[in-house]
Structures are given as C-alpha cells and as structure tokens.
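1. based on what follows, work out the 3D shape:
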Amino acid sequence: MDRVDELLKAALEQGRPSDIDAWAVTGRAGLLRLRSYLEGALDLGSASPRVHPIDLLDNEAAAVAAIAAAHPDAFLEVFGDARWAAHEAVVIGLGEIDDPAATRRLMRATVSVDHWVRMRAAIGLGRRASSAASVVLGRLLEDPDDLVRSHALRSLERIGGAEALPSLRRLRSPSAYETTLARQAIESILARIDDGLSR
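-> Have a look, this model is predicted:
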C-alpha cells in the first residue's frame, strides 16, 4: 500500500483531525485514489473491527469535505463526469467548494431520487448566498423527506433571500419543528433585507 492509500485509510478509520489534515494535502493524487475507492476499485483492506460502520461513513464525509475544500479545482475535474452527479460523497465535497460550477451541480443534485443526496445538496447550498440557491432551497420545502426539508430550512435561515419568502410562507408543515425553522428563516431573511436597505 502506498503512502497516499495509507493516509486515506487512516482518515477513514481514525478520523482524527490530524489524519484528515494529512489526507487533505495529498492533492490530485489523493483525489484519484479517492475516486478509485468510491468506485469500489481500491481495496484498502478490511477496516479494523473497532471502527463502527457509522464512524466510517462520518470519517468518509469528513475526508471528502477536507480534500474538496483544499483542492477545489482538482475535485471538480476529477469528479466532473455525469456518473458522479448524484453520488452522496461527491455532493458533500461540492458543498465545500465556492464556485459557480459546484453550485450548479448542487442544484441539479436536489432532484436526485436518493433523499440522502438531496439532503447533502440542501446542506451544501446553505453556503451560497444566491438567488438561484434560494429558489432551489424553496422548492425543497415540498420534498417528501423531513430531513431534506429541515436542512433546506436551516440553509434558508443562513443564506436565503427574498426569492424564498413565498415558499416559506406557503409551507404547511405537519411538524412544529419545521414550523419553527420556517419562522426563523423568514425572520433571518427579513433582517438581511432590512440590513441591505439601511446601508
């Protein structure tokens, strides 16, 4: 096993900040190995029995996010073809990249049949204060999955613009939690609008 593979394995199994940081600096070489791993073409050996499968998934998400943030252009290129459009791990990485191409790909991921992908896209869009992101997040308020809706609401609270207000005001949630999130999102958006007008 070469050094890059060892660093990936440590990031996945240990997940300590130092392991994630060491992995993230591997750049394009690391991204190519990550792609092989996600394709199932890279065997890193069996995970330690002490590593819970949930921890492995969480560590994978952290490793993907870290390397995408460290090498955004290479990440977009290595995972650029259509087969990665609705891959959950790739969508996590896209959420860390402040680039119009990443934003467009996240918006397209919101129509995936996989609710985990839609949820990750909703989270990723919460870092992009744009009218297009607000509109797409507003549409996610009608998603059948409550996790997708709640993350869309949280993202709208962070970055939502006036474009999302009609969707937020139409929301008739069966959940008091979502109703509270919608109210908070509306208040945050109105505060941002007021702040913009006062400048």
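2. biggest helix in the chain by residues?
-> helix 176-198 (DSSP state H).
3. list the buried residues for that helix?
-> Within helix 176-198, the residues scored as buried using 16 or more other CB atoms under 10 Å are E178, L181, A182, A185, I186, I189. From N, CA and C alone the C-beta is placed, and that goes for glycine too.
4. kindly report the same for stretch 150-168.
-> 150-157, 159-161, 163-165, 167-168.
5. over to stretch 30-44?
-> Those would be G30, L31, R33, L34, R35, Y37, L38, L42, L44, for stretch 30-44 by 16+ other CB under 10 Å.
6. that stretch: how far from the chain's middle?
-> Counting by CA atoms, centre = their mean, to the nearest Å, stretch 30-44 is centred 20 Å from the centre of its parent chain.
7. now do stretch 157-167
-> Put simply, stretch 157-167 sits 19 Å off its chain's centre (CA atoms, centre = their mean).
8. thinking again about what came up before, filter the buried residues of stretch 150-168 down to the ones in helices?
-> S150, H151, A152, L153, R154, S155, L156, E157, I159, L165, S167, L168.
9. pLDDT below threshold where in this protein?
-> The chain contains residues with pLDDT under 70 at 1, 47, 197-199.
10. can you do 50?
-> When residues are selected by pLDDT under 50, those of the chain lie in 199.
11. could you check the angle helix 176-198 makes with the helix or strand encompassing V136?
-> Following DSSP states H and E, the helix or strand that holds V136 is helix 131-140. Orientation of helix 131-140 against helix 176-198 (axes from the mean of the first three to the mean of the last three CA atoms, to 10 degrees) gives an angle of 160 degrees.
12. show me what helix 131-140 is packed up against.
-> Helix 131-140 makes packing contacts with helix 100-109, helix 115-125, helix 146-159, helix 165-170 when contacts are defined by 3 or more CB pairs under 8 Å, 6 or more residues apart in numbering; DSSP states H and E.
13. kind regards, and thank you for your time.
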